[in-house]
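**Q** sequence first, then the predicted structure, then my questions.
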Amino acid sequence: MSDDKNMYDCPLLLRSLWMGDCYDINAVLEQMVNKSILKSLESEIGKPIDLSQAAIICPDCSHYNFKE
């Protein structure tokens with residue numbers, strides 16, 4: 001998990017983010033998984049993920065996995 005190629009600069013969280021966590025946020029946005037999957041990440045960063053902001057920011061990110 002510490003390999004740099006697996007880390008993204010996240011415009012939502014304004015920090016480096018592991019690609020798996022990025023995918024999880026995107027999957028929650030797409031209603032593919034329950035928000036509870038983000039609990040570990042939220043605990044790590046010390047605050048809840050703002051999904052309303054994620055819905056605005058993430059689709060424009062180059063790492064967004066669910067572009068149409």
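**A** In hand now; what should we look at?

**Q** distance check, Asp60 against Glu30.
**A** Separation of Asp60 from Glu30 (CB to CB, to the nearest Å): 15 Å. Backbone N, C-alpha and C define where each C-beta goes, glycine included.

**Q** and those two? Which one has more around it.
**A** Glu30 (13 against 9; other CB atoms under 10 Å).

**Q** not counting its neighbours along the chain, what's nearest the more buried one?
**A** Distances taken as CB to CB, 6 or more residues apart in numbering place Phe66 nearest to Glu30, at 5.1 Å, with adjacent residues excluded.

**Q** for the one you found, what are phi and psi?
**A** Dihedral pair for Phe66: phi -120, psi 40, per degrees, to the nearest 10.

**Q** shouldn't it be in contact with Ile25?
**A** No - taking CB atoms under 8 Å as the definition, Phe66 is not a contact partner of Ile25, at 10.9 Å.

**Q** neighbour count: these two, which is higher?
**A** Applying other CB under 10 Å to Phe66 and Ile25 shows that Ile25 carries more neighbours, namely 26 against 12.

**Q** next one: the more buried one from Lys47, what distance?
**A** Here Ile25 is placed at a distance of 13 Å from Lys47 (CB to CB).

**Q** you'd agree Pro48 is up against Glu42?
**A** Yes - counting by CB under 8 Å, Pro48 does reach Glu42; the two are 5.3 Å apart.

**Q** fine by me, we can end here.
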